[in-house]
Each structure stands twice: as C-alpha cells, then as structure tokens.
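Colleague: sequence-free structure coming up:
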C-alpha cells in the first residue's frame, strides 16, 4: 500500500495561506477536500507559486539570469525528490511527490513553461499556445490527479485537458493587463484570421481602436476552443474520489463562469477584468455539490483511490 504523506504543520499552514492569497477560487474549491488532501493540494500549489515567483521576479531577464534561476529551481527539485532539502516548503513538496508518486517530468515541464513565458510571450499558432498551456497548467492537473488518486488512468488526459481549458480562460481574461505589460498570448494565426495581424509594435501602449473588434473575435474563438477542453475535462471527473470530484467540479465551474462573463461583455477586453463574485462562486460550488450528490451512492461503494503509474507526455494529449 502507498504510504500517506503527513505534511508538517508549519509548511501546511504556510501552503494554505499561499493558496488563499493567490487564488481565492482554488482556495474555495479546496475546502471541499478533507484535511490531508487539502494540505497536499496546497503544498503542490505553493511549490508552483514559488517557482512562478522566482521567474517573475526577474525584471527583463536576460538569458544568463533566466538560466541561473531555472537551474536553481531544478536543483531545488533535485533536493525535494531526493528527500534532502532543508527548506520546509521544498521538503513538504518532496514528501507529497514521493507519497503520491508524482513523476518528476511534470514539475520539470512546469519549469519549461515558465521559461517559455519569460523568453517569449508571442505564439504563432494555437498548437504553440497549447504547448504553453500544457506546461503551465495541464501538468498541474496531472500532479493533482496523483494527489487525488484518480481511479482510471485513461482519465489523466481529461485532467490535462481541464488544466489547458483553465489556462486558455486565464489568457482571455487577462488580455488587456498583459497588453499593458508588453505581452500578448493570443495566437498570431487567430489574430490574422480576424484582421489584427502586426500588433507587435503597439504592445505596451494604448490598445489600438482598430484592433479591438478583431481581438474580441479572437478571444471569442479561443473561449470556444477552451469549451472543448472543459467538456473533455468533465469526462474525467467520475474517476475521482467524491471529495476530490466536488473540488474539481467547483473549480471548473468558477473558471468556466469567467469565460461566460467575458462573453457577456461581448469579449471586449477593454471592458474591465471579468470577475466572479463570492456569492456567485458559492452558488457554483453548491451546484457542483448538487450534481455530485447524484453519483455519491455509487462513489461510496466504489474502490479506493489509485495512484497512477502512467506518465503522460505532451504528445500523449490530443488537441481538441
């Protein structure tokens, strides 16, 4: 039987505070988990946040500084996976990774995604953007599949798809903010299709009036692509233990609701950041629990959680 990691009190407390500060949506969804799963989820999230912050803190990173930061993060992973790290957060992440058999490939891919983000925030095609979304979010879904104990390894693809869907939603929500920072994640092929090619020179300045309608149409198309990934993600939920299923369904509904609010604003990226209110989030969580209740009798008699043995690669996850 797989050993169960008991996350030390102080790192778990720090991890819960980190997820509550940086992602209220995930913090709310994680409250549906039991304490052990909630703490392990928070520890994985905190390591992801730590790595992201280490790269983000580099102001206009040149190649050497970025390579140094990534090498340092990879070295920290070495210590975490070897069980030799003295850092409480890294040690806690290592315990969870060992107990839940999280393949080293997944956090390595996350670091590769962060390198993509630091080096280049322009993507020529939807396929290039899909690789980025896989690395910064799809593999997070896979790590959480190990924490939660997905019962059917075929559901791993659906977990990766759900992470990709959420990242595409994030990209659509943050277009205006990213533009001000000189970043544009919308794929060039979609922008060109909708009449907004050649925007690179305008990045960082006011969004050109001529680009607003084409960008809105690009966002609308990207949200439609995200919808396909959400539907695939839904097909993996029945393979999760019931508490984990409730948390995943809640987070999925909140993120999908962000996309709906963008649509209600006619995908106008200058209309302000799409936000799901706390009361709306609670309603979405209640809806997720109601849907889960229908399958609870089956889940209660089903077999226990399973630790996946399969390691997915990007090429194993089909485009939708």
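Modeller: The structure has been received and is ready for your questions. Computed from a predicted structure; not experimentally measured.

Colleague: Walk me through the domains of the chain.
Modeller: 1-103, 120-320 (automatic domain parsing).

Colleague: could I get those as TSV with distance to residue 113 and mean neighbour count?
Modeller: Where C-beta positions appear, they are placed from N, C-alpha and C, glycine not excepted. As requested, the domains of the chain are arranged in TSV below (distance: least, Cβ to Cβ, whole Å; neighbours: other Cβ atoms under 10 Å):
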stretch	distance to residue 113	mean neighbour count
domain 1-103	10	17
domain 120-320	3	18
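
Colleague: would TSV of those with mean pLDDT and distance to residue 110 be doable?
Modeller: Below are the domains of the chain laid out as TSV (pLDDT from 0 to 100; distance: least, Cβ to Cβ, whole Å):
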stretch	mean pLDDT	distance to residue 110
domain 1-103	78	6
domain 120-320	89	6
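
Colleague: can you put these in JSON lines and add distance to residue 112?
Modeller: JSON lines is the format used below for those (distance: least, Cβ to Cβ, whole Å):
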{"stretch": "domain 1-103", "distance to residue 112": "9"}
{"stretch": "domain 120-320", "distance to residue 112": "5"}
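
Colleague: Tell me which of those sits nearest to residue 114.
Modeller: For the domains of the chain, distance to residue 114 was read as Cβ to Cβ. The smallest value, 4.5 Å, belongs to domain 1-103.

Colleague: Compare the domains of the chain and give me the one nearest residue 109.
Modeller: Closest to residue 109 of the domains of the chain is domain 120-320 (Cβ to Cβ; 4.7 Å).

Colleague: How far away from the center of its chain is that closest one?
Modeller: 8 Å (Cα atoms, centre = their mean, to the nearest Å).

Colleague: Quick one: end-to-end length of it, please.
Modeller: Domain 120-320 has an end-to-end distance of 24 Å (Cα to Cα, to the nearest Å).

Colleague: my read: residue 265 touches residue 274, true?
Modeller: Yes. Residue 265 lies in contact with residue 274 (Cβ atoms under 8 Å); the separation is 6.9 Å.

Colleague: Could I get the full set of helices for the stretch 201-320 of the chain?
Modeller: With DSSP state H, counting those that start in this stretch as the criterion, the stretch 201-320 of the chain has helices at 209-234, 242-264, 278-301.

Colleague: okay if I get the ones you listed as JSON lines plus distance to residue 183?
Modeller: Shown next, in JSON lines, are the helices of the stretch 201-320 of the chain (distance: least, Cβ to Cβ, whole Å):
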{"stretch": "helix 209-234", "distance to residue 183": "14"}
{"stretch": "helix 242-264", "distance to residue 183": "18"}
{"stretch": "helix 278-301", "distance to residue 183": "27"}
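
Colleague: Report the contact partners of the residue nearest to the spatial centre of the chain.
Modeller: Geometric centre of the chain, nearest residue: residue 137, 3.3 Å, by Cα atoms, centre = their mean. Residue 137 makes contact with 163-164, 166-167, 170, according to Cβ atoms under 8 Å, 6 or more residues apart in numbering.

Colleague: ok, so what distance separates it from residue 163?
Modeller: Distance of residue 137 to residue 163, given as Cβ to Cβ, to the nearest Å: 4 Å.

Colleague: Same check on residue 100?
Modeller: For residue 100, the distance to residue 163 - Cβ to Cβ - is 17 Å.

Colleague: Residue 32: which element?
Modeller: Per DSSP states H and E: residue 32 is located in neither a helix nor a strand.

Colleague: Now it: phi and psi?
Modeller: phi -80, psi -10 (degrees, to the nearest 10).

Colleague: which residues touch it?
Modeller: If you count contacts by Cβ under 8 Å, 6+ apart, then residue 32 has 243, 246-247, 250, 285, 289 around it.

Colleague: mind running it again at 10 Å?
Modeller: Residues in contact with residue 32, defined by Cβ atoms under 10 Å, 6 or more residues apart in numbering, are 38, 242-251, 285, 288-289, 292.

Colleague: my guess is residue 316 meets residue 310, correct?
Modeller: Yes. Look at residue 316 against residue 310 with Cβ atoms under 10 Å: they come within range, at 8.6 Å.

Colleague: Find the residues that touch each one of those two.
Modeller: What both residue 316 and residue 310 touch, as defined by Cβ under 10 Å, 6+ apart, is the set 156-157.
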